[in-house]
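A.B. asks: Based on what follows, work out the 3D shape:
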Amino acid sequence: MALDLIQAPHEREIHASRRLFAIDERFHSQLFARAQPRGAYPLLHKLRDYYADTTLLLGELPRLLEELTRIATQFTEPSQVREFARFIEQAIADGDNLYATAD
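C.D. replies: Numbers count the residues shown, from 1 in each chain. Sure thing, here's the model as predicted:
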């Protein structure tokens with residue numbers, strides 16, 4: 001089971017999208033153990049509930065990317081964080097939103 005982030009221009013198109021980033025439970029736990037205080041990472045905290053769907057709009061993605069860049073410095077091995085950041089950068093470049101769907 002994973003929290004899937006799907007890149008698409010509109011929610012009705014998520015099932016046709018092939019662009020996906022899966023956040024497994026371990027990575028999710030690691031992110032939120034480091035995303036403190038909560039107020040410093042408001043967009044990342046939209047993904048806090050591993051079992052709930054949420055939407056991150058295109059206009060929010062540059063700030064989410066900045067939050068992720070800050071949190072990456074707290075990881076000994078930030079490769080998953082960098083992968084996540086590249087996924088967000090691609091969504092920004094494509095002009096898409098991100099839709100988090102819990103399996």
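
A.B. asks: can you pull the buried residues of the longest helix along the chain?
C.D. replies: When the chain is parsed with DSSP state H, its longest helix is helix 79-94. Across helix 79-94, burial judged by 16 or more other CB atoms under 10 Å covers 80-81, 84-85, 87-88, 91-92. (C-beta placed from N, C-alpha, C; glycine too.)

A.B. asks: Residue 48 reaches residue 33, doesn't it?
C.D. replies: No: the criterion here is CB atoms under 8 Å, and residue 48 misses it with residue 33 at 11.5 Å.

A.B. asks: ok, and the closest non-adjacent residue to residue 65?
C.D. replies: Closest residue to residue 65 apart from its sequence neighbours, by CB to CB, 6 or more residues apart in numbering: residue 88 at 4.8 Å.

A.B. asks: can you pull the contacts of the residue lying closest to residue 64 once chain neighbours are set aside?
C.D. replies: Leaving out its chain neighbours, the residue that sits closest to residue 64 by CB to CB, 6+ apart is residue 43, at 4.2 Å. Applying CB atoms under 8 Å, 6 or more residues apart in numbering to residue 43 gives the contacts 56, 60, 63-64, 67.
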